[in-house]
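Sequence and predicted structure below; questions after.
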Amino acid sequence: MRISSRSLSGWVALAALAGCSSSPEPIIDTKGVDMSAYEVDLAECSEYASQVHTAEGVAKGAAGGAVVGAATGAISGDADRGAGYGSIWGATRSGLDADRDKQNVVKQCLRGRGYRVLN
């Protein structure tokens, strides 16, 4: 089975969206917290997190996964299929890593501003 570049690019886009859609809001201890000030701080911290470059990481992950997948696929006689699956895996993994990095930026920023982040 040969995976077309059109099909592959669709899977890569889907993997990128999967990484972006799983960003849970931080959970903070709200006792004694001015929620208006928190909303402003959360927005500012989220803006810092937007500096994490998701698309570049997904593209690099897809390319790296394709190389590894092609090499492993060549062993079984189907380098094209291996490259396709490797690309999907690499893009998904990179998207999830970027999402985790964004969550960490927001949480560290809020902690730096004195909030007790619980998750």
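That came through fine. Residues are numbered from 1 along each chain as shown.

where in the chain is pLDDT low?
Segments of the chain classed as low confidence (criterion: pLDDT under 70) are 1-23, 53-74, 76, 78, 90.

please redo it, this time with the cut-off set to 90
By pLDDT under 90, the weakly predicted segments of the chain are 1-25, 50-101.

show me where it has strands.
Using DSSP state E, the chain contains no strands.

Show me the helices in it, by range?
In chain order, the chain shows helices spanning 5-20, 35-49, 54-76, 79-112, with DSSP state H as the criterion.

Quick one: residues contacting Tyr48.
Contact partners of Tyr48, counting by C-beta atoms under 8 Å, 6 or more residues apart in numbering, are 105-106, 109. C-beta here means a position set from N, CA and C on the backbone, and glycine is covered the same way.

Between those residues, identify the one with the most neighbours.
Neighbour tally across the contacts of Tyr48 (other C-beta atoms under 10 Å): the maximum, 22 neighbours, falls on Val106.

Touching, that one and Pro26? I think so.
Yes. If you go by C-beta atoms under 8 Å, Val106 and Pro26 touch, sitting 5.8 Å apart.

Spit out the residues that contact the two alike.
Counting by C-beta under 8 Å, 6+ apart, the common neighbours of Val106 and Pro26 are Leu42.

Ala83: neighbour count?
Other residues near Ala83 number 22, with proximity taken as other C-beta under 10 Å.
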